[in-house]
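Chemist: attaching a predicted model along with its sequence, questions to come.
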Amino acid sequence: MASNEKVIIIGAGVSGLVLAQILRQGGVPYEVYDRDDGTHWQGWAISLDKCLQSLYPLLPPDIQDPAQASPNYHSSKPDGFWVVNAVTHESLGVTENAPRGHPDNMIHANRDHFRKIFMQNVKVQFGKTFQKYEESGDGSLDVFFTDGTSTKGTVLVGSDGSSSKVRQQLLNGFKAAPSRYTSILGSVTVDIDLSAKLLGESNSGLLVADKDQKANCLVLDHNKDGTDLFCWVLAYKVAEYEKEHMWARMASPEELFEKAKERTAHWPDFMRETVKRTGPEGMYRPFRLLETVLEKDELPRGRVTLLGDAMHSMLPFRGMGANTGISGACLLGKSLLDGLKQDTSVDDILRAYEREWIPKSREVVLESRAAGAGDENADLSGGRIENGGP
Ligand SMILES: Cc1cc2nc3c(=O)[nH]c(=O)nc-3n(C[C@H](O)[C@H](O)[C@H](O)COP(=O)(O)OP(=O)(O)OC[C@H]3O[C@@H](n4cnc5c(N)ncnc54)[C@H](O)[C@@H]3O)c2cc1C
(Lines give C-alpha, C1' and ligand atoms only; values in the text may rest on other atoms or scores of the structure.)
Protein backbone atom coordinates (compact mmCIF):
# COMPACT_ATOMS: atom_id res chain seq x y z
CA MET A 1 0.00 0.00 0.00
CA ALA A 2 1.46 3.34 -1.03
CA SER A 3 1.58 6.36 1.29
CA ASN A 4 -0.59 8.43 -1.03
CA GLU A 5 -3.54 5.97 -0.99
CA LYS A 6 -6.67 7.83 0.17
CA VAL A 7 -9.39 6.08 2.16
CA ILE A 8 -12.93 7.37 1.59
CA ILE A 9 -15.22 6.62 4.55
CA ILE A 10 -18.96 6.81 3.98
CA GLY A 11 -20.82 7.25 7.29
CA ALA A 12 -19.78 9.14 10.40
CA GLY A 13 -21.29 6.80 12.96
CA VAL A 14 -19.06 5.44 15.71
CA SER A 15 -17.48 2.81 13.41
CA GLY A 16 -16.52 5.20 10.59
CA LEU A 17 -15.27 7.83 13.03
CA VAL A 18 -13.06 5.43 14.95
CA LEU A 19 -11.52 4.26 11.66
CA ALA A 20 -10.92 7.92 10.74
CA GLN A 21 -9.18 8.55 14.08
CA ILE A 22 -6.87 5.56 13.60
CA LEU A 23 -5.95 6.62 10.05
CA ARG A 24 -5.38 10.19 11.20
CA GLN A 25 -3.06 8.95 13.95
CA GLY A 26 -1.16 6.80 11.43
CA GLY A 27 -0.88 9.56 8.82
CA VAL A 28 -3.01 7.80 6.17
CA PRO A 29 -4.98 10.26 4.00
CA TYR A 30 -8.75 9.88 4.52
CA GLU A 31 -12.05 11.69 3.95
CA VAL A 32 -15.30 11.15 5.84
CA TYR A 33 -18.75 11.84 4.41
CA ASP A 34 -22.17 11.66 6.03
CA ARG A 35 -25.63 12.35 4.65
CA ASP A 36 -26.72 14.18 7.79
CA ASP A 37 -26.16 17.86 8.34
CA GLY A 38 -24.39 17.13 11.62
CA THR A 39 -27.28 18.28 13.79
CA HIS A 40 -29.52 15.20 13.48
CA TRP A 41 -30.27 13.38 16.68
CA GLN A 42 -28.49 10.04 16.36
CA GLY A 43 -28.88 9.43 20.04
CA TRP A 44 -29.55 6.57 22.30
CA ALA A 45 -27.46 5.08 24.96
CA ILE A 46 -24.80 2.57 24.04
CA SER A 47 -22.31 0.68 26.16
CA LEU A 48 -18.79 -0.01 25.07
CA ASP A 49 -16.71 -2.67 26.74
CA LYS A 50 -15.57 -5.51 24.49
CA CYS A 51 -13.95 -3.05 22.06
CA LEU A 52 -12.05 -0.93 24.57
CA GLN A 53 -8.94 -3.04 24.82
CA SER A 54 -8.33 -2.77 21.06
CA LEU A 55 -9.49 0.84 20.89
CA TYR A 56 -7.45 2.65 23.54
CA PRO A 57 -3.95 1.94 22.16
CA LEU A 58 -5.00 3.15 18.69
CA LEU A 59 -6.69 6.44 19.62
CA PRO A 60 -4.77 9.66 19.00
CA PRO A 61 -3.69 11.39 22.23
CA ASP A 62 -5.27 14.71 21.19
CA ILE A 63 -8.89 13.62 21.72
CA GLN A 64 -10.80 13.19 24.97
CA ASP A 65 -10.95 9.85 26.73
CA PRO A 66 -14.23 8.18 25.57
CA ALA A 67 -14.93 7.48 29.27
CA GLN A 68 -15.76 11.19 29.53
CA ALA A 69 -18.92 10.53 27.52
CA SER A 70 -20.47 8.71 30.49
CA PRO A 71 -22.96 10.67 32.61
CA ASN A 72 -21.19 9.14 35.63
CA TYR A 73 -17.72 10.28 34.62
CA HIS A 74 -17.50 13.19 37.04
CA SER A 75 -18.94 11.31 40.00
CA SER A 76 -16.56 8.38 39.31
CA LYS A 77 -19.45 5.96 39.87
CA PRO A 78 -18.98 2.80 37.79
CA ASP A 79 -21.38 2.34 34.87
CA GLY A 80 -23.53 -0.76 35.07
CA PHE A 81 -27.05 -2.17 34.74
CA TRP A 82 -29.73 -3.79 36.78
CA VAL A 83 -31.51 -6.70 35.06
CA VAL A 84 -35.15 -7.27 36.03
CA ASN A 85 -37.64 -10.05 35.31
CA ALA A 86 -40.75 -8.09 34.26
CA VAL A 87 -43.09 -11.03 34.93
CA THR A 88 -42.09 -11.94 38.49
CA HIS A 89 -40.60 -8.49 39.28
CA GLU A 90 -37.51 -10.25 40.59
CA SER A 91 -34.01 -8.91 40.21
CA LEU A 92 -31.81 -11.02 37.95
CA GLY A 93 -28.67 -9.26 39.12
CA VAL A 94 -26.54 -6.19 38.67
CA THR A 95 -23.65 -6.03 36.25
CA GLU A 96 -20.23 -5.55 37.71
CA ASN A 97 -17.78 -3.15 36.20
CA ALA A 98 -14.02 -3.13 36.31
CA PRO A 99 -12.30 0.17 37.17
CA ARG A 100 -11.61 2.74 34.47
CA GLY A 101 -8.59 1.83 32.39
CA HIS A 102 -9.01 -1.88 33.19
CA PRO A 103 -9.48 -4.04 30.05
CA ASP A 104 -12.92 -5.19 31.30
CA ASN A 105 -14.20 -1.69 31.98
CA MET A 106 -17.55 -0.71 30.45
CA ILE A 107 -18.52 2.82 29.43
CA HIS A 108 -22.21 3.53 29.14
CA ALA A 109 -23.12 6.82 27.46
CA ASN A 110 -25.33 8.80 25.19
CA ARG A 111 -24.30 7.80 21.67
CA ASP A 112 -24.14 11.45 20.69
CA HIS A 113 -21.51 12.11 23.35
CA PHE A 114 -19.37 9.24 22.06
CA ARG A 115 -19.70 10.56 18.52
CA LYS A 116 -18.66 14.06 19.54
CA ILE A 117 -15.48 12.66 21.12
CA PHE A 118 -14.70 10.45 18.12
CA MET A 119 -15.30 13.44 15.83
CA GLN A 120 -12.63 15.58 17.53
CA ASN A 121 -10.03 16.76 15.00
CA VAL A 122 -11.69 14.75 12.22
CA LYS A 123 -13.25 16.77 9.44
CA VAL A 124 -16.60 15.24 8.49
CA GLN A 125 -18.19 16.48 5.29
CA PHE A 126 -21.85 16.57 6.22
CA GLY A 127 -24.84 16.81 3.91
CA LYS A 128 -23.22 14.33 1.46
CA THR A 129 -25.39 11.35 0.60
CA PHE A 130 -23.50 8.51 -1.08
CA GLN A 131 -24.99 7.57 -4.44
CA LYS A 132 -22.57 5.22 -6.20
CA TYR A 133 -18.94 4.41 -6.81
CA GLU A 134 -17.02 3.55 -9.96
CA GLU A 135 -13.75 1.64 -9.86
CA SER A 136 -11.26 2.15 -12.63
CA GLY A 137 -8.57 -0.27 -13.80
CA ASP A 138 -5.71 1.89 -12.45
CA GLY A 139 -6.64 1.19 -8.81
CA SER A 140 -8.46 4.45 -8.18
CA LEU A 141 -12.15 4.91 -7.58
CA ASP A 142 -14.65 7.74 -7.90
CA VAL A 143 -17.39 8.21 -5.34
CA PHE A 144 -20.51 10.16 -6.30
CA PHE A 145 -22.97 11.97 -4.06
CA THR A 146 -26.61 12.79 -4.67
CA ASP A 147 -25.86 16.54 -4.78
CA GLY A 148 -23.90 15.98 -8.00
CA THR A 149 -20.43 16.23 -6.43
CA SER A 150 -17.82 13.47 -6.36
CA THR A 151 -14.46 12.59 -4.84
CA LYS A 152 -11.55 10.34 -5.75
CA GLY A 153 -9.77 7.80 -3.59
CA THR A 154 -8.14 4.40 -3.65
CA VAL A 155 -10.07 2.56 -0.89
CA LEU A 156 -13.79 2.92 -0.11
CA VAL A 157 -15.18 1.90 3.28
CA GLY A 158 -18.97 1.67 3.57
CA SER A 159 -19.73 2.36 7.23
CA ASP A 160 -23.13 3.73 6.32
CA GLY A 161 -25.20 1.70 8.75
CA SER A 162 -27.70 -1.13 8.52
CA SER A 163 -29.33 0.12 5.30
CA SER A 164 -25.95 0.67 3.64
CA LYS A 165 -26.08 1.89 0.06
CA VAL A 166 -22.41 0.99 -0.44
CA ARG A 167 -23.29 -2.61 0.48
CA GLN A 168 -26.27 -2.54 -1.86
CA GLN A 169 -24.03 -1.68 -4.80
CA LEU A 170 -21.22 -4.04 -3.76
CA LEU A 171 -23.54 -7.01 -3.23
CA ASN A 172 -25.99 -6.45 -6.07
CA GLY A 173 -28.90 -5.06 -4.09
CA PHE A 174 -28.40 -7.08 -0.89
CA LYS A 175 -30.54 -5.62 1.90
CA ALA A 176 -30.55 -6.25 5.65
CA ALA A 177 -33.41 -8.49 6.77
CA PRO A 178 -36.19 -6.91 8.80
CA SER A 179 -36.48 -8.60 12.18
CA ARG A 180 -39.77 -9.69 13.72
CA TYR A 181 -39.43 -7.12 16.47
CA THR A 182 -41.35 -3.88 16.55
CA SER A 183 -39.75 -1.14 18.63
CA ILE A 184 -41.44 1.57 20.62
CA LEU A 185 -39.27 4.19 22.21
CA GLY A 186 -39.41 7.27 24.35
CA SER A 187 -37.38 9.60 26.51
CA VAL A 188 -38.37 11.17 29.78
CA THR A 189 -36.89 13.43 32.42
CA VAL A 190 -37.51 12.01 35.89
CA ASP A 191 -37.05 13.34 39.40
CA ILE A 192 -34.47 12.01 41.80
CA ASP A 193 -36.88 9.58 43.54
CA LEU A 194 -37.99 7.84 40.38
CA SER A 195 -34.43 7.86 39.05
CA ALA A 196 -33.22 6.10 42.20
CA LYS A 197 -35.85 3.39 41.70
CA LEU A 198 -34.89 2.92 38.05
CA LEU A 199 -31.21 2.68 38.81
CA GLY A 200 -31.65 0.29 41.75
CA GLU A 201 -28.15 -0.70 42.73
CA SER A 202 -26.77 0.23 39.32
CA ASN A 203 -25.67 3.61 37.95
CA SER A 204 -26.81 3.33 34.34
CA GLY A 205 -30.32 1.87 34.32
CA LEU A 206 -32.49 -1.14 33.74
CA LEU A 207 -32.49 -4.05 31.31
CA VAL A 208 -35.91 -5.69 31.26
CA ALA A 209 -36.50 -9.34 30.37
CA ASP A 210 -40.05 -10.35 29.53
CA LYS A 211 -41.73 -13.24 27.74
CA ASP A 212 -42.15 -11.94 24.20
CA GLN A 213 -40.51 -8.58 24.64
CA LYS A 214 -37.31 -7.04 25.92
CA ALA A 215 -36.67 -3.48 27.01
CA ASN A 216 -34.15 -1.14 28.47
CA CYS A 217 -34.49 2.13 30.33
CA LEU A 218 -31.14 3.86 30.52
CA VAL A 219 -29.82 7.13 31.83
CA LEU A 220 -28.66 9.49 29.08
CA ASP A 221 -27.72 12.55 31.14
CA HIS A 222 -27.69 13.74 34.74
CA ASN A 223 -29.15 17.25 34.60
CA LYS A 224 -27.80 20.12 36.68
CA ASP A 225 -31.16 20.53 38.46
CA GLY A 226 -30.95 17.00 39.93
CA THR A 227 -33.32 15.40 37.42
CA ASP A 228 -32.16 12.65 35.07
CA LEU A 229 -32.88 12.12 31.38
CA PHE A 230 -33.71 8.49 30.59
CA CYS A 231 -34.44 6.81 27.28
CA TRP A 232 -36.32 3.57 26.96
CA VAL A 233 -36.80 1.10 24.13
CA LEU A 234 -39.37 -1.67 24.12
CA ALA A 235 -38.83 -4.34 21.44
CA TYR A 236 -41.72 -6.79 21.13
CA LYS A 237 -42.72 -9.64 18.91
CA VAL A 238 -46.22 -10.56 17.78
CA ALA A 239 -47.32 -13.24 15.31
CA GLU A 240 -48.42 -10.72 12.69
CA TYR A 241 -45.22 -8.73 12.88
CA GLU A 242 -45.42 -7.17 9.41
CA LYS A 243 -48.83 -5.75 10.18
CA GLU A 244 -47.64 -4.57 13.60
CA HIS A 245 -44.65 -2.84 12.10
CA MET A 246 -46.81 -1.04 9.54
CA TRP A 247 -49.08 0.03 12.36
CA ALA A 248 -46.14 1.37 14.41
CA ARG A 249 -44.83 3.35 11.43
CA MET A 250 -48.17 5.04 10.89
CA ALA A 251 -49.25 5.37 14.56
CA SER A 252 -49.61 8.77 16.21
CA PRO A 253 -47.56 9.56 19.35
CA GLU A 254 -50.77 9.09 21.37
CA GLU A 255 -51.32 5.62 19.90
CA LEU A 256 -47.70 4.60 20.51
CA PHE A 257 -47.98 5.83 24.08
CA GLU A 258 -51.17 3.80 24.65
CA LYS A 259 -49.52 0.70 23.17
CA ALA A 260 -46.50 1.11 25.46
CA LYS A 261 -48.76 1.38 28.51
CA GLU A 262 -50.72 -1.68 27.41
CA ARG A 263 -47.62 -3.83 26.85
CA THR A 264 -46.07 -2.83 30.18
CA ALA A 265 -49.24 -3.08 32.30
CA HIS A 266 -47.84 -6.09 34.22
CA TRP A 267 -44.49 -4.45 35.01
CA PRO A 268 -43.47 -3.14 38.46
CA ASP A 269 -45.13 0.17 39.47
CA PHE A 270 -42.03 2.37 39.10
CA MET A 271 -41.41 1.07 35.59
CA ARG A 272 -45.01 1.70 34.56
CA GLU A 273 -44.78 5.15 36.12
CA THR A 274 -41.76 5.91 33.91
CA VAL A 275 -43.68 4.98 30.76
CA LYS A 276 -46.67 7.00 31.98
CA ARG A 277 -44.56 10.10 32.64
CA THR A 278 -43.11 9.90 29.14
CA GLY A 279 -46.47 10.96 27.70
CA PRO A 280 -47.16 11.16 23.95
CA GLU A 281 -44.77 14.13 23.74
CA GLY A 282 -41.81 11.92 24.74
CA MET A 283 -42.45 9.25 22.11
CA TYR A 284 -40.16 8.82 19.08
CA ARG A 285 -40.88 7.46 15.63
CA PRO A 286 -40.29 3.69 15.85
CA PHE A 287 -37.51 2.20 13.74
CA ARG A 288 -37.25 -1.28 12.36
CA LEU A 289 -34.62 -3.51 13.90
CA LEU A 290 -32.62 -5.03 11.05
CA GLU A 291 -30.22 -7.96 10.80
CA THR A 292 -27.37 -8.33 8.33
CA VAL A 293 -25.99 -11.85 7.96
CA LEU A 294 -23.43 -11.96 5.16
CA GLU A 295 -23.26 -15.40 3.60
CA LYS A 296 -19.71 -15.42 2.30
CA ASP A 297 -16.55 -14.74 4.32
CA GLU A 298 -15.24 -12.36 1.71
CA LEU A 299 -16.68 -9.50 -0.31
CA PRO A 300 -16.26 -9.21 -4.08
CA ARG A 301 -12.62 -8.18 -4.48
CA GLY A 302 -11.81 -4.67 -5.48
CA ARG A 303 -11.11 -1.65 -3.33
CA VAL A 304 -14.41 -1.50 -1.48
CA THR A 305 -15.16 -2.97 1.94
CA LEU A 306 -17.74 -2.69 4.71
CA LEU A 307 -17.55 -1.75 8.36
CA GLY A 308 -19.91 -1.66 11.36
CA ASP A 309 -23.66 -2.13 10.96
CA ALA A 310 -23.17 -2.12 7.17
CA MET A 311 -21.42 -5.48 7.63
CA HIS A 312 -23.22 -6.90 10.67
CA SER A 313 -26.33 -5.07 11.92
CA MET A 314 -27.83 -7.06 14.79
CA LEU A 315 -30.62 -7.07 17.33
CA PRO A 316 -29.63 -4.94 20.32
CA PHE A 317 -30.23 -7.57 23.03
CA ARG A 318 -26.58 -8.11 23.93
CA GLY A 319 -25.40 -4.53 23.44
CA MET A 320 -22.79 -5.65 20.93
CA GLY A 321 -23.45 -3.68 17.69
CA ALA A 322 -21.21 -0.70 18.34
CA ASN A 323 -18.69 -2.85 20.20
CA THR A 324 -18.36 -5.06 17.13
CA GLY A 325 -18.27 -2.06 14.76
CA ILE A 326 -15.50 -0.38 16.74
CA SER A 327 -13.50 -3.60 17.10
CA GLY A 328 -13.80 -4.02 13.32
CA ALA A 329 -12.62 -0.42 12.82
CA CYS A 330 -9.58 -1.18 14.99
CA LEU A 331 -8.79 -4.29 12.97
CA LEU A 332 -9.22 -2.56 9.60
CA GLY A 333 -7.40 0.59 10.72
CA LYS A 334 -4.46 -1.35 12.12
CA SER A 335 -4.31 -3.56 9.01
CA LEU A 336 -4.17 -0.47 6.79
CA LEU A 337 -1.40 1.10 8.90
CA ASP A 338 0.60 -2.15 8.98
CA GLY A 339 0.00 -2.58 5.24
CA LEU A 340 1.51 0.82 4.65
CA LYS A 341 4.63 -0.06 6.65
CA GLN A 342 5.05 -3.49 5.09
CA ASP A 343 3.95 -2.45 1.62
CA THR A 344 1.16 -5.07 1.52
CA SER A 345 -1.27 -4.67 -1.37
CA VAL A 346 -4.70 -3.16 -0.68
CA ASP A 347 -6.26 -6.37 -2.04
CA ASP A 348 -4.45 -8.49 0.54
CA ILE A 349 -5.23 -6.09 3.40
CA LEU A 350 -8.96 -6.02 2.67
CA ARG A 351 -9.16 -9.78 2.03
CA ALA A 352 -7.46 -10.58 5.37
CA TYR A 353 -9.71 -8.12 7.24
CA GLU A 354 -12.89 -9.57 5.74
CA ARG A 355 -11.85 -13.20 6.27
CA GLU A 356 -11.30 -12.50 9.93
CA TRP A 357 -14.13 -10.10 10.62
CA ILE A 358 -17.08 -11.38 8.58
CA PRO A 359 -17.25 -14.79 10.34
CA LYS A 360 -16.56 -13.27 13.79
CA SER A 361 -19.21 -10.59 13.46
CA ARG A 362 -21.70 -13.06 11.95
CA GLU A 363 -21.38 -15.10 15.14
CA VAL A 364 -22.21 -12.03 17.22
CA VAL A 365 -25.29 -11.30 15.07
CA LEU A 366 -26.54 -14.84 15.74
CA GLU A 367 -25.78 -14.64 19.49
CA SER A 368 -27.70 -11.37 19.69
CA ARG A 369 -30.66 -13.01 17.97
CA ALA A 370 -30.55 -15.87 20.48
CA ALA A 371 -30.50 -13.45 23.43
CA GLY A 372 -33.80 -11.97 22.22
CA ALA A 373 -35.35 -15.40 22.03
CA GLY A 374 -34.69 -15.95 25.76
CA ASP A 375 -37.60 -15.82 28.20
CA GLU A 376 -38.27 -13.49 31.12
CA ASN A 377 -35.18 -14.88 32.88
CA ALA A 378 -32.86 -13.97 30.02
CA ASP A 379 -29.59 -12.34 31.02
CA LEU A 380 -29.58 -9.32 28.73
CA SER A 381 -26.32 -8.04 30.13
CA GLY A 382 -24.24 -9.93 27.56
CA GLY A 383 -22.82 -12.09 30.34
CA ARG A 384 -21.80 -9.08 32.42
CA ILE A 385 -23.62 -10.23 35.56
CA GLU A 386 -20.93 -11.90 37.56
CA ASN A 387 -22.44 -12.67 40.93
CA GLY A 388 -26.13 -12.58 40.17
CA GLY A 389 -28.55 -14.06 37.72
CA PRO A 390 -31.46 -16.41 38.08
C1 LIG B 1 -31.93 0.37 20.92
C2 LIG B 1 -30.51 0.07 20.60
C3 LIG B 1 -29.58 -0.08 21.63
C4 LIG B 1 -28.25 -0.39 21.33
N5 LIG B 1 -27.36 -0.54 22.35
C6 LIG B 1 -26.06 -0.87 22.07
C7 LIG B 1 -25.10 -1.05 23.14
O8 LIG B 1 -25.38 -0.91 24.32
N9 LIG B 1 -23.82 -1.40 22.79
C10 LIG B 1 -23.46 -1.58 21.48
O11 LIG B 1 -22.30 -1.94 21.24
N12 LIG B 1 -24.33 -1.39 20.48
C13 LIG B 1 -25.62 -1.04 20.72
N14 LIG B 1 -26.51 -0.85 19.70
C15 LIG B 1 -26.05 -0.96 18.31
C16 LIG B 1 -25.35 0.30 17.86
O17 LIG B 1 -26.19 1.41 18.03
C18 LIG B 1 -24.96 0.18 16.39
O19 LIG B 1 -24.40 -1.07 16.14
C20 LIG B 1 -23.94 1.25 16.02
O21 LIG B 1 -24.45 2.53 16.24
C22 LIG B 1 -23.54 1.10 14.56
O23 LIG B 1 -22.60 2.10 14.25
P24 LIG B 1 -22.17 2.34 12.75
O25 LIG B 1 -21.19 3.45 12.80
O26 LIG B 1 -21.75 1.06 12.14
O27 LIG B 1 -23.51 2.76 12.02
P28 LIG B 1 -24.46 4.02 12.29
O29 LIG B 1 -24.35 4.50 13.68
O30 LIG B 1 -25.79 3.62 11.78
O31 LIG B 1 -23.85 5.16 11.36
C32 LIG B 1 -24.02 5.16 9.98
C33 LIG B 1 -23.82 6.57 9.48
O34 LIG B 1 -23.91 6.54 8.05
C35 LIG B 1 -24.67 7.64 7.61
N36 LIG B 1 -25.25 7.27 6.31
C37 LIG B 1 -26.21 6.35 6.09
N38 LIG B 1 -26.49 6.27 4.77
C39 LIG B 1 -25.66 7.16 4.16
C40 LIG B 1 -25.46 7.54 2.79
N41 LIG B 1 -26.17 6.98 1.79
N42 LIG B 1 -24.53 8.49 2.52
C43 LIG B 1 -23.80 9.06 3.51
N44 LIG B 1 -23.96 8.73 4.82
C45 LIG B 1 -24.87 7.79 5.13
C46 LIG B 1 -25.69 7.88 8.70
O47 LIG B 1 -26.16 9.22 8.70
C48 LIG B 1 -24.88 7.56 9.96
O49 LIG B 1 -24.26 8.70 10.49
C50 LIG B 1 -27.85 -0.54 19.98
C51 LIG B 1 -28.78 -0.36 18.95
C52 LIG B 1 -30.10 -0.07 19.24
C53 LIG B 1 -31.07 0.08 18.12
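Modeler: Now that the structure is in, tell me what you want to look at. Here the structure is a predicted model, which is why all the values come from computation and not from measurement. Numbers count the residues shown, from 1 in each chain.
Chemist: what strand or helix carries the residue minimising distance to the centre of the chain?
Modeler: Closest to where the C-alpha atoms of the chain average out (CA atoms, centre = their mean) is Ala322, at 3.7 Å. Using DSSP states H and E, Ala322 sits within helix 321-342.
Chemist: remind me what that helix packs against, helices and strands.
Modeler: helix 14-26, strand 45-48, helix 52-55, helix 309-312, helix 346-373 (3 or more CB pairs under 8 Å, 6 or more residues apart in numbering; DSSP states H and E). Bear in mind the C-beta positions are built from the backbone N, C-alpha and C, glycine included.
Chemist: spatially nearest residue to Asn203, not counting backbone neighbours?
Modeler: In space, and not counting its chain neighbours, Asn203 is closest to Lys77: 4.4 Å by CB to CB, 6 or more residues apart in numbering.
Chemist: so how far is the ligand from that neighbour?
Modeler: Computed as CB to the nearest ligand atom, to the nearest Å, the Lys77 to the ligand distance reads 18 Å.
Chemist: so that residue is in which element?
Modeler: With DSSP H and E as the test, Lys77 turns up in no helix or strand.
Chemist: what residue in the stretch 51-200 of the chain comes nearest to the ligand?
Modeler: Gly161 (2.9 Å; CB to the nearest ligand atom).
Chemist: quick one: Thr151 is in a strand?
Modeler: Yes. The assignment for Thr151 is a strand, going by DSSP: H, G, I helix; E, B strand; the rest coil.
Chemist: beta partners of it?
Modeler: Note on Thr151: beta-bridge partners by DSSP bridges are Val143.
Chemist: list the contacts for it?
Modeler: Neighbour list for Thr151: 8, 31, 33, 142-143, 145 [criterion: CB atoms under 8 Å, 6 or more residues apart in numbering].
Chemist: of those, grab the buried ones for PyMOL.
Modeler: Restricted to buried positions by 16 or more other CB atoms under 10 Å, the PyMOL selection for the contacts of Thr151 reads:
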select buried, resi 8+31+33+143+145
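Chemist: ok, and which of the contacts of Thr151 reach the ligand?
Modeler: Filtering the contacts of Thr151 for proximity to the ligand (criterion: CB under 6 Å from any ligand atom) leaves Tyr33.
Chemist: now the contacts of Thr151 as a markdown table including pLDDT and distance to Asp65?
Modeler: Shown next, in a markdown table, are the contacts of Thr151 (pLDDT from 0 to 100; distance: CB to CB, whole Å):
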| residue | pLDDT | distance to Asp65 |
| --- | --- | --- |
| Ile8 | 98 | 28 |
| Glu31 | 98 | 26 |
| Tyr33 | 98 | 27 |
| Asp142 | 98 | 38 |
| Val143 | 98 | 33 |
| Phe145 | 98 | 34 |
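Chemist: what distance do you get for the residue nearest to the centre of the chain to the ligand?
Modeler: Taking CB to the nearest ligand atom, one finds Ala322 at 3 Å from the ligand.
Chemist: so what's the gap between stretch 289-309 and the chain middle?
Modeler: 16 Å (CA atoms, centre = their mean, to the nearest Å).
Chemist: what is the end-to-end distance of it?
Modeler: The straight-line separation of the ends of stretch 289-309 (CA to CA, to the nearest Å) is 11 Å.
Chemist: report the mean per-residue pLDDT for it.
Modeler: For stretch 289-309, mean pLDDT is 96.
Chemist: does it reach the ligand?
Modeler: Yes. Counting by CB under 6 Å from any ligand atom, contacts between stretch 289-309 and the ligand involve 308-309.
Chemist: residue in the stretch 1-150 of the chain nearest to the ligand?
Modeler: Gly13 (2.2 Å).
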